[in-house]
Every structure is written in structure tokens, then in C-alpha cells.
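Student: coords below, sequence missing:
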């Protein structure tokens with residue numbers, strides 16, 4: 001079955017960097033766009049960055065443009081989120097997401113999340 005496992009979160013000071021990883025299994029990884037979402041305390045889940053199947057096209061939320069970079073390795077079934085110049089407002093649980101199609105039915109899959117805390 002589809003599995004997404006995030007890692008790499010932690011506590012970092014403002015201005016610091018973290019690299020999140022997501023290991024994917026159970027589906028043809030190279031055929032699907034992948035997205036990082038985040039959810040801050042008391043807020044809804046928001047899309048942070050998306051990468052297309054071949055990794056040649058990416059899109060970002062305005063709040064992270066120029067600071068975050070999404071990438072993928074289709075040989076390793078991995079997707080990454082490099083986060084630089086972190087701000088306290090980046091504090092959230094970060095989730096890896098894929099919309100996987102079973103026949104004509106789309107299904108949403110999420111990882112368990114990894115906590116990122118930006119604080120001095």
C-alpha cells in the first residue's frame with residue numbers, strides 16, 4: 001500500500017536551515033506529482049511546495065518563495081524540502097502528500113508528519 005514517511009524535522013533558530021525528506025513506497029513514484037504541506041497550531045493545512053513527476057517544474061506558496069526548495073530523486077523514491085532562512089512563522093508539522101489514482105478514483109495519502117519548530 002501507499003506509504004509516505006517524513007523525517008528531518010527539529011528545533012532550529014531563526015535564520016537557520018533544515019532539510020526534510022519523504023520516503024515513498026507502494027506506488028509508481030515517478031508518475032506522480034508530490035507536495036509538501038504544513039499545519040501550524042490552530043491553523044488549517046496549507047500547501048507549501050509541489051514538484052511535477054520529472055522534477056522539472058515546481059511551485060511554491062508565496063510565503064516560502066526564495067527560501068524553500070523542493071526536489072525529488074525518482075531513483076530513490078524520495079522527495080525533499082530544503083528550508084533556508086527559517087522564520088518563527090514556519091513552525092508547523094510538515095506533511096508529504098500524494099494524490100494516488102486507483103482506476104478512476106483519486107485518493108489522498110499523507111505521511112505522519114514531522115515537526116519543525118523555529119525559535120530562539
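Tutor: Yep, it's here. Just so it is clear, the model here is predicted, and its values are computed rather than measured.
Student: mind pulling up the pLDDT for the residue lying closest to residue 45 once chain neighbours are set aside?
Tutor: Counting by CB to CB, 6 or more residues apart in numbering, the nearest residue to residue 45 once its immediate chain neighbours are dropped is residue 39, at 4.4 Å. Using the backbone N, CA and C atoms, a C-beta is placed for each residue, glycine as well. Looking at residue 39, its pLDDT stands at 98.
Student: quickly list what residue 39 is bridged to.
Tutor: Beta-bridge partners for residue 39, by DSSP bridges, are residue 45, residue 93.
Student: what of residue 68?
Tutor: Residues in beta-bridge contact with residue 68 (DSSP bridges): residue 83.
Student: that one touches residue 60, doesn't it?
Tutor: Yes: using CB atoms under 8 Å, residue 68 is in contact with residue 60, at 6.3 Å.
Student: what are the phi and psi angles of residue 10?
Tutor: Dihedral pair for residue 10: phi 160, psi -170, per degrees, to the nearest 10.
Student: next, count neighbours for it.
Tutor: Using other CB atoms under 10 Å, residue 10 has 12 neighbouring residues.
Student: what residues are up against the residue nearest to it when sequence neighbours are not counted?
Tutor: Excluding the flanking residues, the one nearest residue 10 by CB to CB, 6+ apart is residue 18, at 6.4 Å. Shown in contact with residue 18 (CB atoms under 8 Å, 6 or more residues apart in numbering): 8, 9, 10, 12, 83, 86, 116.
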